[in-house]
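1. Okay, structure incoming, though there's no sequence with it:
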């Protein structure tokens, strides 16, 4: 079932899903009665990070935009704190929405499952080690404003 859910609720689920043990599936969902914890995927998160436009502002492994903070995973942090993740997103929400409307002409929409996949990728140090500029499509690279300005030496 694919449903849109509120921002804060989604962020809590993102964090919970990001630390869900591989193969936990229904057992984890039943343990937290009333909560649906989607099975998360770093691969889907990587694709969403690029194609939804997160990479326009944020970098990983030295590749991506420079307007927002880099989102490299901490190799020493085994789990993601869902409340810290939500708080960091919340602090930047106004700026992210304004920039999305300016650059893209719309606000990026994410389902709870998509947010969970992105969070999984953002917390996956090993998956990020192979992330590079070649993965970013040319049309998305053009939107990476500060990189473009640097290339033009402005």
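-> It's in. Computed from a prediction, not measured in an experiment: that's the story for all the values here.
2. Stretch 124-139: which residues count as buried?
-> Residues 124, 127-128, 131, 135-136 are the ones in stretch 124-139 that count as buried (16 or more other Cβ atoms under 10 Å). All C-beta spots, glycine's among them, are computed from the backbone N, C-alpha and C.
3. Can you add distance to residue 39, secondary structure and pLDDT and give the residues you listed back as CSV?
-> Shown next, in CSV, are the buried residues of stretch 124-139 (distance: Cβ to Cβ, whole Å; DSSP: H, G, I helix; E, B strand; the rest coil; pLDDT from 0 to 100):
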residue, distance to residue 39, secondary structure, pLDDT
124, 14, coil, 92
127, 16, helix, 93
128, 20, helix, 94
131, 22, coil, 96
135, 23, helix, 94
136, 26, coil, 95
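4. Next, format those residues as JSON lines and append distance to residue 112.
-> Output for the buried residues of stretch 124-139, formatted as JSON lines (distance: Cβ to Cβ, whole Å):
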{"residue": "124", "distance to residue 112": "19"}
{"residue": "127", "distance to residue 112": "21"}
{"residue": "128", "distance to residue 112": "22"}
{"residue": "131", "distance to residue 112": "24"}
{"residue": "135", "distance to residue 112": "25"}
{"residue": "136", "distance to residue 112": "25"}
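5. Which one of those is nearest to residue 72?
-> residue 128 (6.3 Å; Cβ to Cβ).
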